[in-house]
Every structure is written in C-alpha cells, then in structure tokens.
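Colleague: kindly return the folded structure for what I paste below:
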Amino acid sequence: MNDNKLKTLSSITSWILFLLFLVVLVNMGEVPTVPTESPERLLLRNFHIAMGSLLFLCSFFRAGLWLIHPPQNNNSKLPDASYAQVHVLQFSLYCAFIAQGISGILNAWWDGLIQFVPGVDTINHGLWVTVGYLHSAFGFFYINLILFILLFRIYHMIRYRAFSLNVFA
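Modeller: Sure, this is the predicted structure:
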C-alpha cells in the first residue's frame, strides 16, 4: 500500500475514532441520569457496549496503522522533539482506548452480560468489581491524556505558530 493510501486510511480512522469517542462520552454522561431498573438504562448499557467495542476495534486498527506507517512531521515550524512529544501522547491515547476496551469486555463478561461459551456461568462479583474500577480508571486516564494533548497543541500554537488541534491525529 502506498503512502497516500495509508495516510488517507489513517486520517479516516482517526475521524471515526473521534466520532465514536464523542458518542461514548455522551452515553457515559447520560447513563447516570437514568433510573437503574428502567428499560432505557438497559438500552443505554447495550449501546455503550456496542459503541465501546467499535472504539476498541478501531483503536486497535489505528495503533497498528501507526506502527506500520508512523506519522511524519510535515510542519516546518514545529521542532521534531515537540512533534514527537504530542505524538507519543496520542499513541498513548490509542493504547488507553485498547486497555479500556479489554477491561470493558472483561467487565461485561464477569457481570454475565456477554458469554463466549453458551451455558457457562461467568459471573464473578470480585473480578467484576476489580475490572470495573480499572475500566473507570482508564476512562479518567484518557480524559487526562486528551487534556494534555490539547494543552501541548495550544502551547505549540503560541510558541511555534504551528496551528494544529488534532487530538486523534
């Protein structure tokens, strides 16, 4: 595959990741406002699992593209060290999404929401609670990563006059 196709595929995947992230973020904000036993809560949880799974798969694909075709510094105003700094944070964001997806799958599995082997009871409250806390921790971690990426991008715009606010690169 040539460089232009890889660059286009990377860009499209980044936009898909951004949109999926926004959908999951809105869903995360909506779920606590719905009563626990309502049918809407079940619908929102299933939607969260579906969108989170898509975010996990796209992040895994994007991280693979990143390793095959790492981004290049095309901005002559931005020093290579500053460019690398932000892109290490962005790659960490993809890794956090992947870890978030793994912990989410394990959380749903040990809560009995998904079954990989029919008829096998996989409910384990201790593991569900532990992985649930880990799932939340990764959520707070990637929100902080996004904040740092934005702050560094704003700093680079002020210091180097290199205008770019792409968080998902």
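Colleague: show me what counts as buried in whichever helix in the chain runs longest.
Modeller: Ranked by residue count under DSSP state H, the longest helix found in the chain is helix 125-160. Buried residues in helix 125-160, defined by neighbour count with 16 or more other Cβ atoms under 10 Å: 128, 131-132, 134-135, 138-139, 141-142, 145-146, 149, 153, 156. The C-beta positions use only the backbone N, C-alpha and C, and glycine is treated the same way.
Colleague: so for it, mean pLDDT?
Modeller: Helix 125-160 shows a mean pLDDT of 93.
Colleague: check contacts around the closest residue to Leu89 other than its chain neighbours.
Modeller: Once flanking residues are discounted, Leu89 sits nearest to Ile149: 5.0 Å by Cβ to Cβ, 6 or more residues apart in numbering. Applying Cβ atoms under 8 Å, 6 or more residues apart in numbering to Ile149 gives the contacts Val86, Leu89, Gln90, Leu93, Val167.
Colleague: can you give me the distance of the third one to Ile149?
Modeller: To tie it back to what came earlier, the one meant is Gln90. 6 Å (Cβ to Cβ, to the nearest Å).
Colleague: so what's in contact with those two at the same time?
Modeller: Joint contacts of Gln90 and Ile149 (Cβ under 8 Å, 6+ apart) are Val167.
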